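Colleague: I need the structure of the sequence given here:
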Amino acid sequence: MDVPMELARIVINTAGGQQKIYLRERGGKGRVFQIGIGLTEALAIDRRLKGVPFHRPLTHELLANTIQALGGTLEKIVINDLRYDVEDGWGTFIATLYIRQGGQMITVDSRPSDAIALGAALGTPIYAAEKVLQDAAEGPGEPKDRIEMLRRRMDLLANIIQQLSTKLNDEKFLAATAPETLQEHRQQLAMMKHEYEAIDRLLREVL
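Modeller: Have a look, this model is predicted:
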């Protein structure tokens, strides 16, 4: 089931680092989750929402104009999956564009940041799959829903921690991987262990 969402907040750090957008469930439980995006996409979304004009179309506006010129309509954007990959140690959100052209519905795979930047240019509705909200939502939600979400998060973390720990103890993997990449993996592993332990402590306190 796809749940209607709205763009709740944009966090822009022009000094560098990852930018963030927060999507909030419309009505219902008001669940919220964040997606890390690039600075270009963050500025494009922010500029569009504030109605700041630009003398020439930017990339996402060009794509919006192209869809319209070809007789298509971007009907909706769906954040339909959250995949955890041990190679990068983090979750990756997957989005799909639903474009109607005549009587045909065309689906196009997209990064959420590009999809939302494009949707901001067209005023397109945003949805998230229920399974994405269950895995990624930060609350508020009901207490029992929050507890269940934290348990699922712990299960995901435990799986990634196990896989990444196995790789970092594999001599062949260590020999074939650049030192800076290994350092990133070790930092990610430490952060995930810290998060796992924090969730475990919280659940022990409330249960």
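
Colleague: Quick one: mean pLDDT for the helix or strand harbouring Gln163?
Modeller: Counting by DSSP states H and E, the element that carries Gln163 is helix 143-168. In this model, helix 143-168 has a mean pLDDT of 81.

Colleague: And the contacts of the next helix or strand after that helix?
Modeller: Where DSSP H and E defines the elements, the next helix or strand beyond helix 143-168 is helix 171-176. Helix 171-176 is contacted from outside by 167-168, 182, using CB atoms under 8 Å, 6 or more residues apart in numbering. For glycine as for every other residue, the C-beta is placed from the backbone atoms N, C-alpha and C.

Colleague: residues contacting Tyr22?
Modeller: 7-11, 32-34.

Colleague: what is the residue nearest in space to the middle of the chain paired to in the beta sheet?
Modeller: The centroid of the chain falls nearest to Ile35 when counting by CA atoms, centre = their mean (3.5 Å). Ile35 has these beta-bridge partners by DSSP bridges: Ile21.

Colleague: Could you list every helix and strand that the lengthiest strand in the chain packs against?
Modeller: When the chain is parsed with DSSP state E, its longest strand is strand 72-85. Using 3 or more CB pairs under 8 Å, 6 or more residues apart in numbering; DSSP states H and E, the elements in contact with strand 72-85 are strand 2-11, helix 59-69, strand 90-101, strand 104-110, helix 112-122, strand 126-129, helix 130-136, helix 143-168.
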